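# coordinates for the following, if possible.
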Amino acid sequence: MRGAAPLPMPRLLFAGLSWLLVACAPVGVSVQAGYTQLSIGGDFALADGTSGTGDAPLQDVGDAFGLGDDRGSPWLRAQADLGAIVLGVDGFVFEERGTGTLDASFGGLPASTPVASELRFGCAKLSAVYDIDLGLVKVAPGLAMDVFDLDFRVQELSLGNAEVIDEIVGVPLLFVRAEAGVGVLDLVGEIGYLETPRIDRSKGRFLDAQLLAEVSVLPLLQVVAGYRHLDLDATGDTGSESFGVDLQVRGWFVGGGLRF
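Next up is the predicted model:
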């Protein structure tokens, strides 16, 4: 948990794009990029697992760590239509800094400590679905994999002591996409979900939902806009520490793309 090298998210997205192109010869490919405005809410926790305190006390990201403002970031999305099978990849990287005062202990940092916080959160989603054409609407069930890159550093302002949550987690999701087209407008909704039972002191619940509108302004050119909501609720135990993450990352995005 401490000292792990963060996953280079641009490399992961590039690998995902390569996966789309080499999986098999696509019938059609679309590539989109743009700007997303995101905010984060929820709670973090970190406690010494040997202290007998049990689960770490959750602390609000705004009050305790000074996070939660809107931040801009680039995003990338691509899709390959192989006929009945559709493969997709999308992702973003979100970064924020702030200052706050701890409500409770956070690892070795005691309650009421003024701290400076740095958060880097990346998410890359790979999906594979099977298109079922119902006429006006397509429904496509399948599977997705969300890869979360969480790097959270909290440093004491006075003495410089620091605690870090540095986790890279791949989460398989039950996934479904629905699509409806009217003229040059396509409306797309996607949702993925997973809930794991408690095993020892670890459990998790993950939700990834997205709505977007695509407008074909030219035969090859698209304009896209939408909204995404991620909800992560997980606890774990590394042996020396216990941690908790209950986060919501949400915001809108706009961009453009090419469809071949």
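
# ok, the residue nearest to residue 146 when sequence neighbours are not counted to residue 191 distance?
Leaving aside its chain neighbours, residue 146 sits nearest to residue 171 (4.7 Å; criterion: C-beta to C-beta, 6 or more residues apart in numbering). Any C-beta I mention is one placed from the backbone N, CA and C, and that applies to glycine too. Separation of residue 171 from residue 191 (C-beta to C-beta, to the nearest Å) stands at 14 Å.

# show the pLDDT at the nearest residue to residue 38 once chain neighbours are set aside.
Excluding its sequence neighbours, the residue lying closest to residue 38 (C-beta to C-beta, 6+ apart) is residue 251, at 3.7 Å. Residue 251 carries a pLDDT value of 96.

# residue 251 contacts residue 41, correct?
No. In terms of C-beta atoms under 8 Å, residue 251 does not count as a neighbour of residue 41; the distance is 11.0 Å.

# more neighbours: those two, which one.
Set residue 251 next to residue 41 and count neighbours by other C-beta atoms under 10 Å: residue 251 wins out with 20 against 14.

# just the element for residue 222, please.
Using DSSP states H and E, residue 222 sits in strand 221-237.

# for that strand, name the packing helices and strands.
With contacts defined as 3 or more C-beta pairs under 8 Å, 6 or more residues apart in numbering; DSSP states H and E, the packing partners of strand 221-237 are strand 28-48, strand 202-216, strand 241-259.

# what angle separates that strand from strand 202-216?
Put simply, strand 221-237 runs at 180 degrees to strand 202-216, going by axes from the mean of the first three to the mean of the last three C-alpha atoms, to 10 degrees.

# how far away is the residue nearest to residue 146 from residue 245?
12 Å.

# so what does residue 218 have for phi and psi?
Residue 218 adopts backbone torsions of phi -140, psi 170, taken as degrees, to the nearest 10.

# wait, I meant residue 137
The phi/psi pair for residue 137 (degrees, to the nearest 10) reads phi -130, psi 140.

# wait, what's in contact with it?
Contact analysis of residue 137 by C-beta atoms under 8 Å, 6 or more residues apart in numbering lists 178, 179, 180.

# at 6 Å instead, please
For residue 137, the contact set (C-beta atoms under 6 Å, 6 or more residues apart in numbering) comprises residue 180.

# so what's the residue count around residue 162?
A count of neighbours around residue 162, defined by other C-beta under 10 Å, yields 16.

# look up how far residue 98 lies from the closest residue to it other than its chain neighbours.
The spatial neighbour of residue 162 that comes closest, neighbours along the chain excluded (C-beta to C-beta, 6+ apart), is residue 155 at 4.2 Å. Per C-beta to C-beta, residue 155 is found 12 Å from residue 98.

# spatially nearest residue to residue 81, not counting backbone neighbours?
In this structure, residue 81 finds its nearest non-sequential neighbour in residue 28, 4.3 Å apart by C-beta to C-beta, 6+ apart.

# what's the answer for residue 215, then?
Sequence neighbours aside, residue 223 is the residue nearest to residue 215 in space, at 4.7 Å (criterion: C-beta to C-beta, 6+ apart).
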